[in-house]
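> Okay, predicted coordinates and the sequence, questions at the end:
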Amino acid sequence: MPALVSSTCPALKLLARGKVRDVYEVDAQHLLFVASDRISAFDVVMTNGIPRKGEVLTQISLFWFDLLKGVCPNHLVTADLSRMPAVVQQYQDQLTGRSMLVKRLKILPVEAIVRGYLTGSGLKEYNKSQTVCGLPLPAGLGEASKLDQPLYTPSTKAEIGAHDENIHPDQAAKLLGPHAQAVQALALKAYTTARDYAAQRGIIIADTKFEFGVDAAGVVHLADEVLTPDSSRFWPA
């Protein structure tokens, strides 16, 4: 099966092609998220895709959306094509296994990153200033050190080809306004719930990135993908 690098659904209005996902308008209340087989690394989209990668990403997200539904509401309506509108079903040859019908939310302008271990850009900042996102940490930490408590370390959202920028939670709060406290609390709760589940199965979730949006009533929802290898670091314990 060739890689689906780009979906084509002409009867639906294409709203965006992200690094991996194509987003279509279904109606005023719903969107269709299609996980393509595109590869994105360090905010760069590669030329070639990996066949069925989008299916794997979608199935992983569906698992975590279900596991975390008691922690936080999410945007998922259904991943069952037979329950989607006919205008969507006509593209089942492209969409099977890799599409989600979701609630239309106002996506919040901050990546909600939670770190349980020190690595990546967090380690780089720590080595310079003994902080992550401006938050002070104890001395003597190194690559893959476990943090005493999971750390909420938000970042900005960059356009494709640019890099996200780590910011202090206070700066994120200014961007998130009245939703800041809920985003921080839900991100930490979702991470610790997933971390504990994975730990029982010999897997460390070192860090992860969550996306949140709000509905018309102002309720914060978990959105986009969740706890996939595109958004998280998984290590064998």
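The structure has been received and is ready for your questions.

> So for the nearest residue to V132 once chain neighbours are set aside, what pLDDT did the model give?
In space, and not counting its chain neighbours, V132 is closest to G122: 4.3 Å by Cβ to Cβ, 6 or more residues apart in numbering. For every residue, glycine as well, the C-beta is placed using N, CA and C. Note on G122: pLDDT of 95.

> what secondary structure does G122 sit in?
helix (DSSP: H, G, I helix; E, B strand; the rest coil).

> so where do the helices sit in the chain?
Per DSSP state H, the chain carries helices over the ranges 53-67, 86-89, 92-95, 120-129, 169-176, 180-199.

> Export these as TSV, with columns for mean neighbour count and distance to L12.
Listed next are the helices of the chain as TSV, based on neighbours: other Cβ atoms under 10 Å; distance: least, Cβ to Cβ, whole Å:
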stretch	mean neighbour count	distance to L12
helix 53-67	19	17
helix 86-89	14	6
helix 92-95	15	10
helix 120-129	16	36
helix 169-176	17	30
helix 180-199	18	30
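
> Quick check: which of those is nearest to R104?
helix 86-89 (14.4 Å; Cβ to Cβ).

> CA atoms of the closest one as CSV?
The C-alpha trace of helix 86-89 is given here as CSV (Å, rounded to 0.1, in the frame of the first residue of the first chain):
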residue,chain,number,x,y,z
ALA,A,86,-22.4,10.3,3.6
VAL,A,87,-20.3,13.2,2.3
VAL,A,88,-17.4,11.7,4.3
GLN,A,89,-18.1,8.0,3.7
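
> follow-up on the earlier one: so can I have a markdown table of the helices of the chain showing distance to G18?
Putting the helices of the chain into a markdown table (distance: least, Cβ to Cβ, whole Å) gives the following:
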| stretch | distance to G18 |
| --- | --- |
| helix 53-67 | 12 |
| helix 86-89 | 19 |
| helix 92-95 | 16 |
| helix 120-129 | 21 |
| helix 169-176 | 20 |
| helix 180-199 | 20 |
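
> so which of these gets nearest K103?
Once the helices of the chain are compared by Cβ to Cβ, helix 53-67 is nearest, at 12.0 Å.

> And for the worst-scoring helix or strand of the chain on mean pLDDT, what's in contact with it?
Averaged element by element with mean pLDDT, DSSP states H and E, the chain has its least confident helix or strand at strand 40-41 (a mean of 84). By Cβ atoms under 8 Å, 6 or more residues apart in numbering, the surrounding residues in contact with strand 40-41 are K19, V20, M46, D230.

> who wins for most neighbours among these?
V20 (22 neighbours; other Cβ atoms under 10 Å).

> Give me the pLDDT value at the residue nearest to that residue when sequence neighbours are not counted.
Nearest residue to V20, sequence neighbours excluded (Cβ to Cβ, 6+ apart): R38, at 5.1 Å. pLDDT recorded at R38 is 96.

> Over to E159?
So E159 comes in at 67 (pLDDT).

> Of the helices of the chain, give the one that comes closest to V5.
Per Cβ to Cβ, nearest to V5 of the helices of the chain: helix 53-67, 9.7 Å.
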